[in-house]
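>>> take this sequence and fold it.
(2 chains)
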Amino acid sequence: MKRFSIVSAVVALGAMVFTALPAQAAEPGLTSSEIKLGISTPLTGTAALSYGKIPGAMKAYFDFINANGGVYGRKIKLVVRDDKYLPTLAATQTTNLVLKDGVFALVAALGTATHSKAYAAASLATKKVPDLFVNTGFSGFGNQAKYPTTFTVLPSYAMEAKIISKFVKDKFPGQAVALVAQDDEFGVDGVNGFAAGSLTLASKTLYPQSSMTDARAKALVTGLSAIPGKPVVILFGTTDVTALIFKAAESLNLVSKFTWIAGSVGGDANTLLALGVKTTTIDGAIAASFFPDAKDTTDEYVAEFSKINSKYNPGVTFDNVVLQGMNSAMLTVQALRAAGKNLTRAGLIKAIETKGSTFASAGLVPLNYSATSHLGYNGYWMGQLNAKGELKPYGGTLSVVTTDSTNGPITPSTYMRPSIPKNGIPTNS
Amino acid sequence: MKNMKITKGFSALLVTALVTTLAVVTPSAAHAETTCTKDVFTPSSGGSAVNFQVCTGTDFNGAKYEIRMPSKFNGMLFLYNHGIRGNHNMPKVPVIRPNGYVVDMSPEVAPGRTTNDQLLIAQELLKQGYAVAGTGVSTQGWSVPEAIQGNLQLISAAYEKFPKISKIVSWGDSLGGHISQALSEKADVIDAVANLHMAGSASSQYTYANDFLWMFKTFFDPTIKGNGYASGTAGYMEYMGDITKVLTAFGTIQAAIAANPIAPTWPASSTVPDSLKAIPVRSAVLLIGLLAGVPVQSNTYDASSGPAGPLETSFGLAISPALGVFENAFTALALALIGNYDAEVRCGGTIFDNTNTDYAARLGDNGDVYAAGLTGKSATAGMLAYLNKLNPAAPRVKGNPDSIYCIKSQQDNYSGKITIPTITISQTADQVTPGGFIQKFKELYAENVAAGSAKPGMLLNIWNKPPDTYTKFDAAGKPITPAIPTTGTSHFMYTNKDLLIIAKMLATAGKTGKLPSEASAKAAFKKNPNIFIDPDYKPELMFADR
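Numbers count the residues shown, from 1 in each chain, chains lettered A, B, ... in the order given. Model (predicted):
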């Protein structure tokens, strides 16, 4: 009994000591001087060409914030792991971030197949790891029972498809429409959106990811050229496939046969040009966006982020992907600030639910965060690329619309974007 | 590709049973005489010579047992249970048993990847003053009741011969782990237990294997019988015929994948419509693997890496997971064929029933995660439709209720009523005993704790994962099968170093009645980057356990 009493006393004393410590002492990845965040994203492989700049852009913004005092005195450290945009490797790397690197939260993971597997494999729900600003438009991540700690940032693919549907019906009445989409949850989300948008399709081609080749692209374009008139071709896939199809049209001398619309995932002009698409091909192509164009230096966010990029991310061209990365980093800083000095994982999630919709961001459409919605932006504007790769409002007038992922109406946005925080440094609480 | 490499654990599966009845053996305190001889060895790890006795005997059920007792005995006995072995002699069968097989009834006293490793583990324990022992079990195949009886009789013999035994800890691998666990729940003489890549329940293991076998035959060769073998010689011939057919179909698919991994063709024995044959056969293999619960990572394939060049990403995305399933699946097929024959003889009829299995509903998120490997959602839907129970070209298996009861209820499955320190260590990508079986064990334990029938804080799960990436390619871009199985895959037996760490934990737990803390267990394995301990890690349950 004596031994038991001593042990009990020690345990009780230990409990008192731990109770007296600040709550954050028990949170992984958090010290009085540092917040450790993690990102699993492609740094190599085919997807890296498009998205490989995101971690560098985020790190640049965090370095900028760190140089300006951090978040309530804590510096942000970003641990980056390469998942090559492969589901099994994403699961491995996300698990490594949580178990080996001991990060406080995950940020800006990329992809649907990759991240849905990673989320389960790394037990993010059980561990209550905040999973911030995932770069996917898959509406399934809005299921809070399954993904309670996840916040996506992109508008859903279904929203995008609905908005494109309305745009096509309004601007190209009578023209036949062909859809070329990836045959997975990304494409199906879009297909469902086009159906919800009541868009009549003259042709629908679904292809498995990684299956498109030069030969298949040429066969596809040749087949589509049989459609009379000047069909609208909607490319709802990744940028590498958009490039293959554009180049097939170039080699077949069929570029001008179609009105091209590239979805937001596959329509980045810089990447298309880097993949060898001619400037004359992208000139006039239509694309959807929820951001200002990265080349629009009159935009205050673009201007500020460009400045930060020049100083903290030297040698990297400022483009739409860098803009996206910096924007997510600024959202992250605001979320950390909103969670307060006594930072916890639960507090961070709560802060985004209660204050996330008010965060300053470059997006021209509102953020949709609340206790019942963990989906990010909820709208788009349609633009037209020029030969320089700049996306300009279609018809010369910016028209931003919002909608939901199901059967809700598409309405003009009344959203007034908040000004960028002074000098690009959030001061919210 | 050398996918059919036979490992020690795998070879243990490759025989069948001739047991004609389920022998429920009456416990007996009596045993045959134990005879001992003296021996000595010089430890390979250094130190002075170790004197010990080798004691052998045969229990009243005919099981051979062995005890090795050091002259400087510290009072603790390590009781080991070996994995499943065949219960039938087998003629020479290419790939499976090129040299044939004679039923092995010998006892083993310690785990290890090779016979020599087993000897070294036993010697190291003897050097530290522990006794080691094991039973060969009176019947091979899936024979948990007989194994428990063998253990009890061995314990009785050991106590009688060596009254100084004060503690007994039990360990075993694969089915042996299952036996050790079941024994520890039934016999109040075990002080701690460690289960190495422990098998699930007989019912769940057989469902796992049979699901794959049924889908394999449905897609690739419907003349494979698989279940419901005739009695006697006729049934044995049917069974041997199945082995030939499976090997033929497997080899044909393997050759097709080797020739064209992007678009391999289906075997000629397949009778599926041409619309399905337009899908690369690797996608069909991946699908049935996912629907059965076969891991996508295997000895050779990490489901991520690709050869340098244009295929680098797409190989990892779309091809490697299928090849991982394919490499793993051979074991599932062997377990199904050999295990089914064994179990049908033992239980008197078909033990598997999938008349109401909704395979399509099993795909879940994997349909999205592996959409590229499955050649897209449209192709997946087509293949799932073919497997639908309403398709007359894909007749389901109707089980024999008595035989199913025999497998489900007469095998002394563990229940999770844990009252002593219990350690599991398992591979995350084990194709014979996938991690889902351990998840089920965890859940059984949690239910028992909640019900007050198990003590809380008595289960530690240790996991062994593959390296982050590990597939290697030769200069021509062909995958290279490793000479030593990749850790975390392949029903991999642990290194001697890891086994001795587990033994140390087990001994300490047996002495103190307490589990090692999570922190101390992590510290013990800190030099092994592939071992992890995470109470939140939750592998998906096997389908029969959901």
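>>> packing partners of whichever strand or helix holds residue B:219?
When elements are defined using DSSP states H and E, residue B:219 is found to belong to helix B:202-220. Here helix B:202-220 touches helix B:232-259, helix B:281-292, helix B:320-347, helix B:376-387, helix B:401-409, helix B:436-451, going by 3 or more CB pairs under 8 Å, 6 or more residues apart in numbering or on different chains; DSSP states H and E. Any C-beta I mention is one placed from the backbone N, CA and C, and that applies to glycine too.
>>> pretty sure residue B:37 sits in a strand.
Yes - looking at residue B:37 with DSSP: H, G, I helix; E, B strand; the rest coil, it is inside a strand.
>>> could you check how far it is from chain A?
Between residue B:37 and chain A the distance is 45 Å, computed by CB to the nearest CB, to the nearest Å.
>>> what do you get for residue B:261?
According to CB to the nearest CB, residue B:261 stands 13 Å off from chain A.
>>> and the nearest residue to residue A:292 once chain neighbours are set aside, what does it touch?
With sequence-adjacent residues excluded and distances taken as CB to CB, 6 or more residues apart in numbering or on different chains, residue A:292 is closest to residue A:299, at 4.0 Å. Going by CB atoms under 8 Å, 6 or more residues apart in numbering or on different chains, residue A:299 touches A:292, A:293, A:362.
>>> now do the first one, the pLDDT please.
Yep, that's residue A:292 we're talking about. The predicted structure scores residue A:292 at 96 on the pLDDT scale.
>>> tell me how many other residues crowd the residue of chain A found nearest chain B.
Residue nearest to chain B within chain A (CB to the nearest CB): residue A:183, separated by 3.1 Å. Neighbour count for residue A:183, taken as other CB atoms under 10 Å in any protein chain shown: 24.
>>> over to residue A:271?
Residue A:271: 23 surrounding residues under other CB under 10 Å.
>>> can you check which of the helices and strands packed on helix B:202-220 gets nearest to residue A:261?
helix B:376-387 (21.8 Å; CB to CB).
>>> is any residue of that closest one near chain A?
Yes - with CB under 8 Å from any CB of the partner chain as the measure, helix B:376-387 is seen reaching chain A through B:376, B:377, B:378, B:379.
>>> how about stretch B:527-546?
Yes - counting by CB under 8 Å from any CB, chain A is contacted by stretch B:527-546 at B:532, B:534, B:536, B:537, B:538.
>>> pull the most distant pair out of these.
Longest distance between any two of these is 13.3 Å, between B:532 and B:538; criterion CB to CB.
>>> give me the beta-bridge partners of the residue nearest the centre of chain A?
With distances taken as CA atoms, centre = their mean, the residue of chain A nearest its centroid is residue A:135 (2.7 Å). With DSSP bridges as the criterion, residue A:135 is bridged to residue A:110.
>>> I'd say it and residue A:51 touch.
Yes - with contacts defined as CB atoms under 8 Å, residue A:135 counts as touching residue A:51 at a distance of 7.3 Å.
>>> mutual contacts of these two, please.
Between them, residue A:135 and residue A:51 share these contacting residues under CB under 8 Å, 6+ apart: A:41, A:110.
>>> please, which helix or strand holds the residue of the stretch 401-546 of chain B found nearest chain A?
Taking CB to the nearest CB as the measure, the point where the stretch 401-546 of chain B comes nearest chain A is residue B:536, at 4.0 Å. Using DSSP H and E, residue B:536 sits within no helix or strand.
>>> can you check residue B:53 too?
In this structure, residue B:53 sits in strand B:50-58 according to DSSP H and E.
>>> avg pLDDT for that strand?
Per-residue pLDDT over strand B:50-58 has a mean of 97.
>>> now that strand, how far from the chain's geometric center?
When distances are taken as CA atoms, centre = their mean, to the nearest Å, strand B:50-58 is centred 30 Å away from the chain's centroid.
>>> in it, which residues are buried?
B:50, B:52, B:53, B:55, B:56, B:57, B:58 (16 or more other CB atoms under 10 Å in any protein chain shown).
>>> same thing with stretch B:440-454?
B:440, B:441, B:442, B:444, B:445, B:448, B:449, B:454.
>>> if I pick residue 99, what's in contact with it?
No chain was given, so I picked chain A. The neighbours of residue A:99, taking CB under 8 Å, 6+ apart as the test, are A:122, B:532, B:534.
>>> meant chain B, my bad for not saying
The neighbourhood of residue B:99, defined by CB under 8 Å, 6+ apart, consists of residue B:92.
>>> count of neighbours near the closest residue to residue B:122 other than its chain neighbours?
Setting aside the residues directly before and after it, residue B:122 is nearest to residue B:110 in space (CB to CB, 6+ apart), at 4.1 Å. Around residue B:110 sit 25 other residues, with neighbours defined as other CB under 10 Å.
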